[in-house]
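# mind looking at a prediction? Sequence and model below.
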Amino acid sequence: MLMATARRYTMEQIEAARKKLRSLPVKEAGKTRGEVAEFLVNDIKKAMRQGYTLRDIRNLLADAGVSVPLTKLEALLDKGSSLEPVKEQDAIEEDTPTAREGNSKGEWKSSDGI
């Protein structure tokens, strides 16, 4: 029975392979219309809260070189309507302990009692 011998590679071969791998360009460039709309959904909702219509937003995106049809924006907002974006203020409040979590001297303790 013949035993296969392990193939050995020189450091030069390994370095050449590493150089090729590190110089590879990004294969997937850019995002699709749907991905752009999903990526910007919180910003779109914020603009709508500020009084802009979907048509205004579509035109603004087009001015920036991003073409997203109104139907795509409408579908995205219908799909995400139950998912309210986290407001910046809400995120701050979640990280800040409430007064009842501290003791009377304003010292804080961890939730596990340590």
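Structure received. Residues are numbered from 1 along each chain as shown.
# distance check, residue 62 against residue 75.
Distance from residue 62 to residue 75, counting by CB to CB, to the nearest Å: 18 Å. Where C-beta positions appear, they are placed from N, C-alpha and C, glycine not excepted.
# ignore the last one, residue 5
Look at residue 5 and residue 75: by CB to CB, they are 60 Å apart.
# which of these two has more residues huddled nearby?
residue 75 (13 against 6; other CB atoms under 10 Å).
# element containing that one?
Take DSSP states H and E as the rule and residue 75 turns out to sit in helix 70-79.
# quick one: average pLDDT of the lengthiest helix in the chain?
Criterion DSSP state H: the longest helix present in the chain is helix 11-22. Across helix 11-22, pLDDT averages out at 95.
# tabulate the CA atom coordinates of that helix in PDB.
The C-alpha trace of helix 11-22 is given here as PDB (Å, rounded to 0.1, in the frame of the first residue of the first chain):
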ATOM      1  CA  MET A  11       7.700  30.300   2.300                       C
ATOM      2  CA  GLU A  12       8.000  32.000  -1.000                       C
ATOM      3  CA  GLN A  13       5.000  30.100  -2.300                       C
ATOM      4  CA  ILE A  14       3.000  30.900   0.800                       C
ATOM      5  CA  GLU A  15       4.000  34.600   0.600                       C
ATOM      6  CA  ALA A  16       3.000  34.800  -3.100                       C
ATOM      7  CA  ALA A  17      -0.400  33.300  -2.300                       C
ATOM      8  CA  ARG A  18      -0.900  35.700   0.600                       C
ATOM      9  CA  LYS A  19       0.000  38.600  -1.700                       C
ATOM     10  CA  LYS A  20      -2.500  37.500  -4.300                       C
ATOM     11  CA  LEU A  21      -5.300  37.100  -1.600                       C
ATOM     12  CA  ARG A  22      -4.500  40.500   0.000                       C
END
